[in-house]
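Peer 1: sequence and computational prediction follow.
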Amino acid sequence: MIAMAEYIWIDGAKPTQKLRSKTKMVEIKAPKDVVLRDFPDWGFDGSSTYQAEGHSSDLMLKPVNFCKDPLRGEGNFLVLCEVFNSDETPHISNTRATLRRVLDLGAAKEESWFGFEQEYTLFQGRTPLGWPDGGYPAPQGPFYCGVGADEVFGRELVNEHAQACLDAGLMIYGINAEVMPGQWEYQIGYRGVETESADPLTTSDHNWMARWLLYRLGEEFNITATLHPKPIRGDWNGAGQHTNFSTKAMRSPETGKKTIDDAISKLQKKHAEHIAVYGAGLSERLTGLHETCAIDQFRSGPSDRGASIRIPLAVSRQGYGYLEDRRPGANADPYEIASRILKTICEIE
Ligand code: ADP
Ligand code: MN
Ligand code: MN
Ligand code: MN
């Protein structure tokens, strides 16, 4: 069987890396048992993706994860790749390789699970979806988790995206309409399914593939999704990527509370290092208003949505579980978020 395999990679754009993809026809020898090795290495022109100079621009694509392609349908695949230089070293833009290194340096033994709350804003042209042309909608209030044609905009695309993630086999956890009209969220990662691994690499891979599906489905609706952390200035919520995470010790009733407290004090000491990799333009969003803590402050607390680190209600009640880092922007790179958190928790530099 010949499959259409969409090879997806992350480019070298600054300050925020973007997704690229192209299609390779790949022979699948055993369609009932497709494995990563079915997808050969490939190459591309790095001078067109901000990853190389013109004179020696061939870079390598190495498949590292794949899922079903829910848009092309049965027998086709999305293939996530890492970018390598011609000498087989990871390209400087390859942040997944950094996360692999952090895991190898000792973080893997923590058996951490991640869950990303990916917020995004839908636009039609220069206007957020559902906003009057050149004007503003009613003030924020009724839109979060709202229902009704006057309150939510883009649900058809959002639902199709959720279904596409499920069909692909990605670990989507839920979706909700957000506080600003036209803004939405999907959560991806840990969802309590025993056969799944919410390890940092898999979870971050899934968020990148879910982002690709969102942009790709937007083409069908002529709607663009943006991950800008503050798409509209003023009294409107920004878009974040709350990152929930736990280690095995945090999830244990015996060690949970102490491990969570220790983690918070380690995170506090490294606040600036975290802010540095939590996405471009973060200061526009972390103002201290709109459910954020100001960028130069660090606060933590149970159920506190104005904190940097929030301990969810169920976790503070039972005394163990996970943490929510509310600082990352919607446009942050999940590999960089996970690397930074693990480096801090495991004291790796
Ligand atoms: P919020 O109340 O902050 O909006 P959501 O319901 O949107 O929270 O998202 C909850 C997130 O917590 C999900 O991304 C889920 O994967 C994550 N999560 C739940 N339990 C754990 C855990 N034990 N370890 C890591 N992440 C977790
Ligand atoms: Mn949420
Ligand atoms: Mn949210
Ligand atoms: Mn949250």
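Peer 2: Received, thanks. Ligands and ions are numbered 1, 2, ... in the order given.
Peer 1: this protein: helices as residue ranges?
Peer 2: Using DSSP state H, the helices of the chain run over residues 95-104, 155-168, 200-221, 256-269, 271-277, 282-285, 313-318, 334-346.
Peer 1: near ligand 4, which residues of the stretch 101-250 of the chain are found?
Peer 2: 117, 242 (Cβ under 5 Å from the ion). For the C-beta atoms, the positions are set from N, CA and C on the backbone; glycine is no exception.
Peer 1: name the nearest residue to the residue of the stretch 51-200 of the chain found nearest ligand 1, ignoring sequence neighbours.
Peer 2: As assessed by Cβ to the nearest ligand atom, ligand 1 sits closest to Gly115 within the stretch 51-200 of the chain, at 2.1 Å. Leaving aside its sequence neighbours, Gly115 sits nearest to Gly189 (Cβ to Cβ, 6 or more residues apart in numbering; 3.5 Å).
Peer 1: that neighbour touches Gln118, doesn't it?
Peer 2: No - checked against Cβ atoms under 8 Å, the pair Gly189 and Gln118 is beyond contact range at 9.7 Å.
Peer 1: what does the stretch 101-250 of the chain put close to ligand 1?
Peer 2: Within the stretch 101-250 of the chain, the positions near ligand 1 by Cβ under 6 Å from any ligand atom are 113-115, 117, 173-174, 187, 189-191, 242, 244-246.
Peer 1: the same query, at a cut-off of 5 Å, please.
Peer 2: Contacts of the stretch 101-250 of the chain with ligand 1, taken as Cβ under 5 Å from any ligand atom, map to 113, 115, 117, 173, 187, 189-190, 244, 246.
Peer 1: thinking again about what came up before, residue contacts, the residue of the stretch 51-200 of the chain closest to ligand 1?
Peer 2: 173, 187-191, 198, 203, 243-245, 322 (Cβ atoms under 8 Å, 6 or more residues apart in numbering).
Peer 1: out of these, which is nearest to ligand 4?
Peer 2: Asn244 (7.4 Å; Cβ to the ion).
Peer 1: ok, that closest one - contacts?
Peer 2: 114-117, 189-190, 312, 322-325.
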